[in-house]
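Visitor: Any chance you can model this:
(one chain, ligands or ions: 2)
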Amino acid sequence: MSELPLIQLGLLQYTLNQPIDTERFSFTLNNGTTVSMLDAGVLLFEPQVEGQRALVFSAGIHGNETAPIECLDKLVSGLLRQTISVSQPLLVILGNPPAMLKACRELEVNLNRLFVGQYRNYPDCYETQRAARLEQVVAEFYAKYPQHQAYHLDLHTAIRASQHEKFAVYPFTHGQPWKRNDLALLQACGVNCVLFSNQPASTFSYHSSFKHNATAFTVELGKVHPFGENDLTTLSQLTETLQQLIGDSDLSSLSFVFEDALLFEVSDVIHRTEQDFGFSFSQSQANFTEYPSGYILGHNGSQQLIVEDGPKAIVFPNDKVALQQRAVLLVKKMSKADIEHAIEQGSLS
Ligand SMILES: O=C(O)CCC(=O)N[C@@H](CCC(=O)O)C(=O)O
Ligand SMILES: [Zn+2]
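Guide: Ligands and ions are numbered 1, 2, ... in the order given. As a prediction, this is how the structure comes out:
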């Protein structure tokens with residue numbers, strides 16, 4: 001009876017007890033939902049009803065980003081104890097359990113740079129194997145529900161403070177219009193600030209968007225804290241919206257309020273290509289701090305990193321990343337006209 005420890009401990013504790021080689025098993029809840037443990041930290045819920053959305057909720061792709069892990073753990077416990085129920089197929093993923101145990105972002109390599117097959121270009125390690133496996137489970141999941149709208153919310157928390165506590169990265173769409181409904185969904189999660197990516201990436205959310213045509217985002221939900229030190233009340237809107245997604249509502253009641261939105265276009269993705277790399281500002285400078293044109297942000301070897309066509313704001317600055325990795329994003333606030341042009345279905349009001 002493998003399900004009893006899972007139900008008693010909850011997904012997080014169960015996963016931390018078996019972070020790599022977990023037992024695979026399946027069982028059916030009294031309400032008819034089939035629950036399958038597909039891999040360590042990877043739990044599939046399949047209700048009897050067909051549903052119309054194929055949902056992936058992931059957290060802990062970076063092991064120390066604990067708030068969304070705790071949030072998904074609570075949701076899963078509610079599902080296992082049947083205080084809530086699913087009306088849509090749902091795949092829950094706790095991304096990097098060994099890193100969670102060590103309270104670190106990664107063991108060897110940043111897992112969130114290994115998707116879209118990028119794991120093949122790195123020396124074999126836990127994260128490369130995990131990226132390959134996560135790509136496989138996600139592909140099998142979406143393939144099982146070809147008529148459903150695919151969704152993937154990849155939940156994170158940021159290393160440093162942010163002028164906008166919650167924000168989302170909207171993966172590059174290769175020219176497809178951004179969707180008003182997607183922005184409405186994010187707003188319902190309590191996320192008014194969105195960065196529109198300007199190029200492909202090797203992140204989990206880009207992978208689901210590009211490979212599976214999923215409505216997919218990286219969602220940043222505040223600052224990193226150790227397990228047990230998160231105030232989950234700040235995620236109440238997210239929790240409510242996750243429950244709405246797994247329920248049977250058609251989401252048409254969600255509306256996008258333009259006045260509340262803060263939308264940024266990524267203008268520069270700066271990579272560290274030299275050992276000698278540094279920023280002129282403090283490593284703890286908050287995300288979205290803005291700099292004017294001409295400002296020297298730092299250096300990459302002999303090259304100065306200068307703001308052009310500013311003002312631009314920094315997001316995710318990290319001068320310690322491995323060589324060839326992204327060291328900072330520069331983002332530019334979008335005008336209403338730009339947004340109207342980019343979003344499908346006419347003007348915003
Ligand atoms: O706070 C930071 O510097 C990093 C937080 C984080 O893990 N962010 C994601 C964003 C992924 C994306 O761009 O879609 C990451 O860096 O992997
Ligand atoms: Zn993260």
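
Visitor: got the contact list for the longest helix seen in the chain?
Guide: Criterion DSSP state H: the longest helix present in the chain is helix 126-144. Applying CB atoms under 8 Å, 6 or more residues apart in numbering, the external contacts of helix 126-144 come out as 20, 38-39, 42, 44, 54, 56, 89, 91, 93, 95-96, 98, 106-111, 114-115, 117-120, 122, 150, 152, 204, 207-208, 211-212, 214. In short, each C-beta sits where N, CA and C put it, glycine included.

Visitor: redo that, cut-off 6 Å
Guide: 38, 42, 54, 91, 107-109, 111, 114-115, 119, 122, 150, 212 (CB atoms under 6 Å, 6 or more residues apart in numbering).

Visitor: following it, which helix or strand comes up?
Guide: Per DSSP states H and E, helix 126-144 leads on to strand 149-158 as the next helix or strand towards the C-terminus.

Visitor: Between helix 126-144 and that next one, find me the angle.
Guide: Strand 149-158 and helix 126-144 are oriented at 150 degrees to each other (axes from the mean of the first three to the mean of the last three CA atoms, to 10 degrees).

Visitor: Strand 149-158 - which strands sit beside it in the sheet, and in what orientation?
Guide: strand 53-59 (parallel), strand 215-223 (parallel) (DSSP bridges).

Visitor: Extract the C-alpha trace of the following helix or strand past the last one and format it as CSV.
Guide: Next along the chain after strand 215-223, taking DSSP H and E as the criterion, comes helix 236-246. Presented in CSV, the C-alpha positions along helix 236-246 are these (Å, rounded to 0.1, in the frame of the first residue of the first chain):
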residue,chain,number,x,y,z
SER,A,236,-3.7,33.2,-1.9
GLN,A,237,-4.7,34.5,-5.3
LEU,A,238,-2.3,32.0,-7.0
THR,A,239,-3.8,29.1,-4.9
GLU,A,240,-7.4,30.2,-5.8
THR,A,241,-6.5,30.4,-9.5
LEU,A,242,-4.8,27.0,-9.5
GLN,A,243,-7.9,25.5,-8.0
GLN,A,244,-10.0,27.3,-10.6
LEU,A,245,-7.8,25.8,-13.3
ILE,A,246,-8.1,22.3,-12.0
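
Visitor: helices or strands next to the host helix or strand of Ala313 in the packing?
Guide: Taking DSSP H and E as the criterion, Ala313 maps to strand 312-315. With contacts taken as 3 or more CB pairs under 6 Å, 6 or more residues apart in numbering; DSSP states H and E, strand 312-315 sits against strand 326-333.

Visitor: circling back: so what's the model's average confidence on the longest helix of the chain?
Guide: Averaging pLDDT along helix 126-144 gives 98.

Visitor: Any part of that helix near ligand 1?
Guide: No. Applying CB under 6 Å from any ligand atom, one finds helix 126-144 out of contact with ligand 1, separated by at least 12.2 Å.

Visitor: how about the helices in the stretch 51-200 of the chain?
Guide: Secondary structure of the stretch 51-200 of the chain (DSSP state H, counting those that start in this stretch): helices at 66-80, 97-101, 126-144, 180-188.

Visitor: Give me the angle between the first one and strand 53-59.
Guide: Here helix 66-80 runs at an angle of 130 degrees relative to strand 53-59 (the same axes, to 10 degrees).

Visitor: Could you do the third one as well?
Guide: Counting by the same axes, to 10 degrees, helix 126-144 points 170 degrees away from the direction of strand 53-59.

Visitor: near ligand 1, which residues of the stretch 1-150 of the chain?
Guide: 62, 112.

Visitor: which residues of the stretch 1-150 of the chain score low on pLDDT?
Guide: Under the criterion pLDDT under 70, the flagged ranges of the stretch 1-150 of the chain are 1.

Visitor: Close to ligand 2: what parts of it are there?
Guide: The stretch 1-150 of the chain has residues 62, 65 near ligand 2, with proximity defined as CB under 5 Å from the ion.

Visitor: do the stretch 151-300 of the chain as well
Guide: His156.

Visitor: And the residue of the stretch 151-300 of the chain closest to ligand 2?
Guide: His156 (3.4 Å; CB to the ion).

Visitor: in stretch 184-201, what counts as buried?
Guide: If you call a residue buried by 16 or more other CB atoms under 10 Å, then stretch 184-201 has these buried ones: 184-197, 201.

Visitor: I misspoke; the intended subject was stretch 202-222.
Guide: Buried, per 16+ other CB under 10 Å, within stretch 202-222: 202-212, 214-222.

Visitor: ok, now stretch 290-298?
Guide: 290-291, 295, 297-298.

Visitor: Good, we can wrap up now.
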